[in-house]
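**Q** any chance you could fold what I've pasted below:
(2 chains)
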There are 2 protein chains.
Amino acid sequence: MTVDDERVSRVRFGADGLAPAIIQQFDTGEVLMLGWMDAEALRRTLTSGRVTFWSRSRQEYWRKGDTSGHRQYVKGARLDCDGDTVLIAVDQVGVACHTGTRTCFDADDLDPAVGRR
Amino acid sequence: MTVDDERVSRVRFGADGLAPAIIQQFDTGEVLMLGWMDAEALRRTLTSGRVTFWSRSRQEYWRKGDTSGHRQYVKGARLDCDGDTVLIAVDQVGVACHTGTRTCFDADDLDPAVGRR
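**A** Predicted coordinates:
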């Protein structure tokens, strides 16, 4: 699909046509989740005020919250220096994770060795 | 390469052997950058106190800051609910971006339509 949006055309999507989208709560700075967007999902996200992903497992567009009610309202969007990753600031309704936790990173601590300056 | 680390074995790396790693400043919550890690890069990151990526462009390990001095000291690490994305909390020395900005998301505003609840 051709997406006629200059902002979307700046993004370097991967070989699979997707780019990672980091979703961050706009006021607290919490990283809520990472999803994947193709050009059309990003266009919808930038133009509609609601975050839409491409679901790799279901192979379909997925507007966050349509089933769960846990909508993500767009507050900002930035492209990184390489043009291949987007950072979306959102206002998350309820919880971001389908497991019921606030973020998708709440449950599994990798317990790293801590570095010091 | 076999990586003998139970924490690393929990990660579902992609078909290319890589997983995205979101790098976040531990105290301010700034999202600094997104990099890619294979199992060995993640093992080094979890065990050494310093962030190591796999550079897709150079096809080599890349311990952040070895050339630039802009080291990332590990403060925490979490795996997401799908097991395919890691979130690393760091203390960033200087700037995260090779362009000289604090984060890799500082320069390019995608200027989205803002959504409201």
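
**Q** in chain A, which spans are strands?
**A** Taking DSSP state E to define them, one finds strands in chain A at A:19-25, A:31-37, A:52-55, A:60-63, A:72-79, A:86-92, A:108-109.

**Q** pipe those strands into TSV and attach mean pLDDT, distance to B:Gln24 and mean neighbour count per row.
**A** For glycine as for every other residue, the C-beta is placed from the backbone atoms N, C-alpha and C. Converted to TSV, those look like this (pLDDT from 0 to 100; distance: least, CB to CB, whole Å; neighbours: other CB atoms under 10 Å in any protein chain shown):
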stretch	mean pLDDT	distance to B:Gln24	mean neighbour count
strand A:19-25	98	9	23
strand A:31-37	98	6	25
strand A:52-55	98	20	20
strand A:60-63	98	24	14
strand A:72-79	98	14	22
strand A:86-92	98	11	22
strand A:108-109	98	15	14
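
**Q** output these as TSV; include the columns distance to chain B.
**A** Shown next, in TSV, are these (distance: least, CB to the nearest CB, whole Å):
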stretch	distance to chain B
strand A:19-25	5
strand A:31-37	4
strand A:52-55	11
strand A:60-63	11
strand A:72-79	4
strand A:86-92	5
strand A:108-109	4
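
**Q** adding distance to B:Gly115 as columns, could you present the ones you listed in a markdown table?
**A** Shown next, in a markdown table, are the strands of chain A (distance: least, CB to CB, whole Å):
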| stretch | distance to B:Gly115 |
| --- | --- |
| strand A:19-25 | 13 |
| strand A:31-37 | 15 |
| strand A:52-55 | 11 |
| strand A:60-63 | 11 |
| strand A:72-79 | 4 |
| strand A:86-92 | 8 |
| strand A:108-109 | 30 |
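
**Q** okay, now A:Gly14: neighbour count?
**A** Neighbouring residues of A:Gly14 were enumerated by other CB atoms under 10 Å in any protein chain shown; the total is 13.

**Q** just checking, it touches A:Asp82?
**A** No - using CB atoms under 8 Å, A:Gly14 is not in contact with A:Asp82; the gap is 11.4 Å.

**Q** can you pull the contacts of A:Gly65?
**A** Contacts for A:Gly65 (CB atoms under 8 Å, 6 or more residues apart in numbering or on different chains) come out as A:50, A:71-72, A:93.

**Q** closest one of the residues you listed to B:Asp106?
**A** Distance to B:Asp106 across the contacts of A:Gly65 (CB to CB) is lowest for A:Gln72, with 22.3 Å.
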